[in-house]
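Participant: my questions are about this predicted structure, shown below with the sequence.
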Amino acid sequence: MPSVTHDDAPLLADLLPWSVAPPRLGRGWPTAPDAASLRARWDALVKAEGPDREALFGPTRSRTTQSAVAQLPGQSTGTGRLAREPGSCPEPVRVLRGPFDERWLIPDHRLIDSARPELWRVADERQVFAVEQTRVPDTPGPVLLAASVLPLSAGRGGRVRPLYRRPGGHEPNLTPGLLDHLGNRLGHSPDPVDVLAWTVAVARAGREGCTVPLTADPDVWAHGVELGRRMLWLMRRDGERPKLPGGRRPYVRSPLPARPLDLRYDRDEEALRLDDGRVSPVPPEAWDFEVGGVRVLEEWFAARTGPPPGPGTLEAIRPATWPQAWTSELLELVTVLALLAELRPQQAELAESAAKATITRAELRTAAVLPVPDAARRPASVLDHHEEGPEGQFALL
C-alpha cells in the first residue's frame with residue numbers, strides 16, 4: 001500500500017472548513033487568573049469618572065468608553081455606553097488564554113476590540129474548539145489543541161475551528177460528504193467527535209498548513225480515535241480529574257510562599273520549586289512540555305506572578321497572596337502534561353500506520369468531497385431570536 005506524503009494528506013482547513021480568528025481583547029485587564037480580581041477591577045473602573053475612567057479603560061481605535069456595541073451572544077451584559085455604566089460587574093466566564101491556561105474573562109462586548117460574536121453564538125457545553133498553534137520549526141509539541149471554553153488570542157495561537165456550526169452540537173463543522181465517504185471506506189459511519197479525535201492524534205505541520213492523514217483501515221482508525229479521545233479528555237479537562245499511573249500524584253511537599261517569584265525544576269528530585277516551596281513528583285516530561293517553543297509550566301507561572309504593567313492600572317489589581325485554587329490548578333496541569341507526554345510514543349506509532357493511509361486529497365476530489373463549498377467556510381445563520389443591540393435596541397439574526 002503506498003504511503004501518503006504531506007502533499008497527499010488532506011488539509012485541516014479542508015476537513016474542518018469553518019474557522020474564525022480568536023477574539024482579540026485589545027487590553028489585558030478584562031482577563032485574570034482569578035475572578036475576584038476582575039470584580040475589583042470593574043468596581044475601580046465604574047467608580048472613576050470622565051477622563052479618569054477613559055484612561056483606566058485603555059481606549060483603542062476599536063473601543064472607547066463611548067463605543068455603542070451589541071450584547072455578546074449568550075451574555076446578559078449591558079449595551080449602554082460604558083462612560084455612564086453604574087452597574088455591577090458581569091459574571092466572569094472561563095476562557096482559554098494560552099496553551100493549557102484557563103483564566104477568567106469579563107464577558108462584556110464593550111471591553112473587547114474584536115469579540116467574534118459568531119464564536120460566542122456556538123459556545124455551549126456540547127462545543128469543542130480546535131485551536132491551531134503557530135508553527136515554530138524544530139520545536140516539539142502539539143500543532144493542534146482542543147478546548148471546551150472559548151479560546152482568546154494569545155500571540156501564538158492560530159485560527160479557531162469549532163466542531164459544530166450550531167448550538168447544541170448540531171451541524172458538524174465537517175466538509176459536506178466527508179462523514180459519508182469515511183463511512184463507506186471504514187465500513188461504519190464515524191461520529192463527528194471521532195473525526196476530531198483522530199485529527200488531534202495525527203495532525204502535523206505541513207508546508208501548506210496543518211495536514212491530517214486519513215486512513216481507510218478500520219483497526220488503525222479505531223486505535224487513532226481511542227488515542228485522540230483520551231487526548232481530547234486531557235486537553236478539555238471538563239470531567240473527572242486525571243491521575244498519574246502507579247499511584248504517583250503531585251503534592252505540595254513544602255508549603256508554597258505567600259507570593260512566589262521564582263520557578264525552578266530539580267530533575268534529580270523531580271520537583272518544582274516555587275521559591276522555597278516544593279511540589280513533587282513532577283515528571284520531567286511535564287516540565288519539558290512545550291507548545292510553540294515555549295515551556296507550558298513556565299508560561300503558566302509567569303502569567304500569575306509576573307510584574308503588572310504599572311501602578312495605577314487596572315491590571316495592577318491582583319491577589320495579594322497566592323490563592324489555594326492556583327495550587328490545585330498547578331497540580332492538575334502537571335498531571336495533564338505528564339499524561340499527554342506519555343501518549344507521544346503511541347502517536348508516533350499511529351503516525352507510521354497513518355502514513356500508509358489511502359484516503360488522499362485526490363481521492364476526496366474524485367468523490368466530490370473536495371473542493372469545499374464556499375458556504376461551508378462561512379458561519380451558519382444560527383439564531384431565530386432577538387439579540388440586544390447597542391443602547392438596548394434589538395436585532396433579528
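Facilitator: Nice, I can see it. Numbering: from 1, shown residues only.
Participant: where does this structure dip in pLDDT?
Facilitator: For the chain, applying pLDDT under 70 flags the ranges 1-7, 136-138, 154-157, 357, 382-386, 389, 391-397.
Participant: domains in it, by residue range?
Facilitator: 12-241+347-396, 245-323 (automatic domain parsing).
Participant: give me whichever of these is most buried.
Facilitator: For these, the stretch with the most neighbours on average is domain 12-241+347-396, a mean of 18; neighbours defined as mean count of other C-beta atoms under 10 Å. Any C-beta I mention is one placed from the backbone N, CA and C, and that applies to glycine too.
Participant: looking at the domains of the chain, which is closest to residue 341?
Facilitator: Among the domains of the chain, domain 245-323 comes nearest to residue 341, with 3.5 Å by C-beta to C-beta.
Participant: distance between that closest one and the chain's centre?
Facilitator: The chain centroid and the centroid of domain 245-323 are separated by 20 Å, computed with C-alpha atoms, centre = their mean, to the nearest Å.
Participant: follow-up on the earlier one: dump the domains of the chain into CSV; add distance to residue 340 as well.
Facilitator: Listed next are the domains of the chain as CSV, based on distance: least, C-beta to C-beta, whole Å:
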stretch, distance to residue 340
domain 12-241+347-396, 5
domain 245-323, 7
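Participant: now stretch 321-334 - C-alpha only, PDB.
Facilitator: This file holds the C-alpha atoms of stretch 321-334, laid out as PDB (Å, rounded to 0.1, in the frame of the first residue of the first chain):
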ATOM      1  CA  THR A 321      -1.200  36.200  48.000                       C
ATOM      2  CA  TRP A 322      -1.100  33.000  46.000                       C
ATOM      3  CA  PRO A 323      -4.700  31.600  46.100                       C
ATOM      4  CA  GLN A 324      -5.200  27.900  47.000                       C
ATOM      5  CA  ALA A 325      -7.100  27.500  43.700                       C
ATOM      6  CA  TRP A 326      -3.900  28.200  41.800                       C
ATOM      7  CA  THR A 327      -2.200  25.300  43.600                       C
ATOM      8  CA  SER A 328      -4.900  22.900  42.700                       C
ATOM      9  CA  GLU A 329      -4.800  24.100  39.100                       C
ATOM     10  CA  LEU A 330      -1.000  23.700  39.000                       C
ATOM     11  CA  LEU A 331      -1.200  20.100  40.300                       C
ATOM     12  CA  GLU A 332      -3.800  19.200  37.700                       C
ATOM     13  CA  LEU A 333      -1.800  20.900  34.900                       C
ATOM     14  CA  VAL A 334       1.300  18.900  35.900                       C
END
